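>>> here you go, sequence then predicted model.
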Amino acid sequence: MSSLSTLSSVCLEQGCWSKGERQIRVVADKRVKRPSSMSFRVSANSSEKDIRIGLLGASGYTGAEIVRLLANHPHFGVTLMTADRKAGQSMDSVFPHLRAQKLPRLISVKDADFSTVDAVFCCLPHGTTQEIIKGLPTALKIVDLSADFRLRDISEYEEWYGQPHKAVELQKEVVYGLTELLRDDIRKARLVANPGCYPTSVQLPLVPLLKANLIKHENIIIDAKSGVSGAGRGAKEANLYSEIAEGISSYGVTRHRHVPEIEQGLSDVTQSKVTVSFTPHLMPMIRGMQSTIYVEMAPGVRTEDLHQQLISSYEDEEFVKVLEEGVVPRTHNVRGSNYCFMNVFPDRIPGRAIIISVIDNLVKGASGQALQNLNIMLGLPETTGLLHQPLFP
Ligand SMILES: NC(=O)C1=CN([C@@H]2O[C@H](COP(=O)(O)OP(=O)(O)OC[C@H]3O[C@@H](n4cnc5c(N)ncnc54)[C@H](OP(=O)(O)O)[C@@H]3O)[C@@H](O)[C@H]2O)C=CC1
Ligand SMILES: CC(=O)N[C@@H](CCC(=O)OP(=O)(O)O)C(=O)O
């Protein structure tokens, strides 16, 4: 038996790592066969670690990013990896940058034995994920990176994703994985729907401001930009170098599928329907995401109040940094990391403010936040394996 259940229950019982706590505490319980968190040997060899991870869609960008992050994780070792077209290949032939790690061969989902793993990251395209997750053992902890379980309202899913929901019963137990805002629910969850990259960059600044009634619910305008890795590794004409380089492309204008996800998260806070104007753009860069958000402030509120609210909401958080007054967040400064940097600026037009939020779409926007969530679900400090600093220049 792996030590997953032991570790998880011990940490949960002891309440080892509470919100905002940054220090790794020692797990004193003798049932856990490790002396202490301080003395773990960090090994790139997955089979030497004690919690066995299944990675569905390992041959895609978010799957590869999870493998990269887990190289520095003391507990999670990838022991099962699936692919579709690339099933049968070795991971180092698909992703040569990961060759230093000893990893299992990529296999098809239908050949995977899920009784051999303790937890699963699901990095599959939306529309393929509901049926696959429905078939997994119920003992598994699962973080799904796709959009398949993010919308609570089944009819809304069917409307925006243009297909029937194939796991309606399962949807009821899903917890939305916006870590900093829903940590307590995530801790108890079995199945977490990891948020989309755009919704992460938008909700992190807006939720605390709406909660504190500092901004109006109407006329929220989101101008968002993503690196091309946000579209995945699959070959698409629109993502060719010659189509992307030296230009900017707006897409999903008036109807991007992240609109209902953003509105769901914001409306949960206000208890009334919030609607947003949202336009995403594809940028000639590989990683990175910026959301520039235009809001109207409540009567009598100043941008300093918004700034102060964001600071107090996130002062204990490792991964959300509210910058000093006047400092502009840049995607360059979060590249390769799990950080979200944000700031708020007074608009020239009285009563309005401009919020800028940046993340790396593949890390805080996907695989990093997924790892943060699984750490919490298994009772580990949520920063485990995630504290490496942004890559710059
Ligand atoms: N990229 C990003 O920045 C973000 C992505 N996401 C979401 O995460 C998920 C994964 O994204 P990403 O890694 O970028 O996607 P990729 O296209 O890079 O990878 C998709 C993976 O799924 C496998 N796959 C494709 N179709 C099937 C199928 N029918 N059955 C089983 N496996 C299949 C592919 O295998 P093979 O390559 O062998 O064909 C590949 O391993 C998506 O739902 C995406 O929307 C969420 C937030 C951000
Ligand atoms: C650049 C690009 O194409 N980005 C993707 C979003 C990536 C993401 O977060 O998507 P999921 O909701 O599928 O998880 C898109 O706009 O569809």
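The structure has been received and is ready for your questions. Residues are numbered from 1 along each chain as shown. Ligands and ions are numbered 1, 2, ... in the order given.

>>> use CA for all of it now, contacts and neighbours both
Fine.

>>> how about N361, what does it touch?
197-198, 226-227, 229-230, 287-289 (Cα atoms under 8 Å, 6 or more residues apart in numbering).

>>> which of those sits closest to ligand 1?
Among the contacts of N361, G230 lies closest to ligand 1 (Cα to the nearest ligand atom), at 3.3 Å.

>>> is that closest one in a helix, a strand, or coil?
Three-state assignment for G230 (DSSP: H, G, I helix; E, B strand; the rest coil): helix.

>>> enumerate the residues of the stretch 201-350 of the chain near ligand 1.
Selection of the stretch 201-350 of the chain residues close to ligand 1 by Cα under 6 Å from any ligand atom yields 229-234.

>>> so which of the contacts of N361 also contact ligand 2?
Answer for those near ligand 2 (Cα under 6 Å from any ligand atom): 197-198, 226, 230.

>>> so of the contacts of N361, which ones are in helices?
197-198 (DSSP state H).

>>> contacts only, for the residue in the stretch 251-393 of the chain positioned nearest to ligand 2.
Closest residue of the stretch 251-393 of the chain to ligand 2, Cα to the nearest ligand atom: L282 (5.7 Å). Contact partners of L282, counting by Cα under 8 Å, 6+ apart, are 225-228, 244, 248-251.

>>> domain parsing for the protein?
Using automatic domain parsing, the domain parsing of the chain gives 4-195+366-377, 198-361.

>>> nearest to L391, of those domains?
The minimum distance between L391 and these falls on domain 198-361, with 5.5 Å, by Cα to Cα.

>>> adding mean pLDDT, write the domains of the chain out as CSV.
Conversion of the domains of the chain to CSV gives the following (pLDDT from 0 to 100):
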stretch, mean pLDDT
domain 4-195+366-377, 85
domain 198-361, 97
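
>>> by neighbour count, which of the contacts of N361 wins?
M289 (32 neighbours; other Cα atoms under 10 Å).

>>> partners of the closest residue in space to it that isn't next to it in sequence in the sheet?
Leaving out its chain neighbours, the residue that sits closest to M289 by Cα to Cα, 6 or more residues apart in numbering is S226, at 4.4 Å. Bridge pairing for S226 (DSSP bridges) gives the partners L282, M289.

>>> likewise L191?
Under the criterion used (DSSP bridges), L191 bridges to I142.

>>> would you confirm that Y251 contacts H281?
Yes. Using Cα atoms under 8 Å, Y251 is in contact with H281, at 5.9 Å.

>>> can you tell me the element L69 falls in?
Using DSSP states H and E, L69 sits within helix 61-70.

>>> so what does that helix touch, helix or strand wise?
On a contact count with 3 or more Cα pairs under 8 Å, 6 or more residues apart in numbering; DSSP states H and E, helix 61-70 meets strand 76-82, helix 368-377.

>>> Throw the ones you listed into a markdown table and include distance to ligand 2 and mean neighbour count, thanks.
Shown next, in a markdown table, are those (distance: least, Cα to the nearest ligand atom, whole Å; neighbours: other Cα atoms under 10 Å):
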| stretch | distance to ligand 2 | mean neighbour count |
| --- | --- | --- |
| strand 76-82 | 18 | 26 |
| helix 368-377 | 12 | 27 |
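
>>> can you tell which of those is closest to ligand 1?
Closest approach to ligand 1 among the helices and strands packed on helix 61-70 (Cα to the nearest ligand atom): strand 76-82, 6.8 Å.
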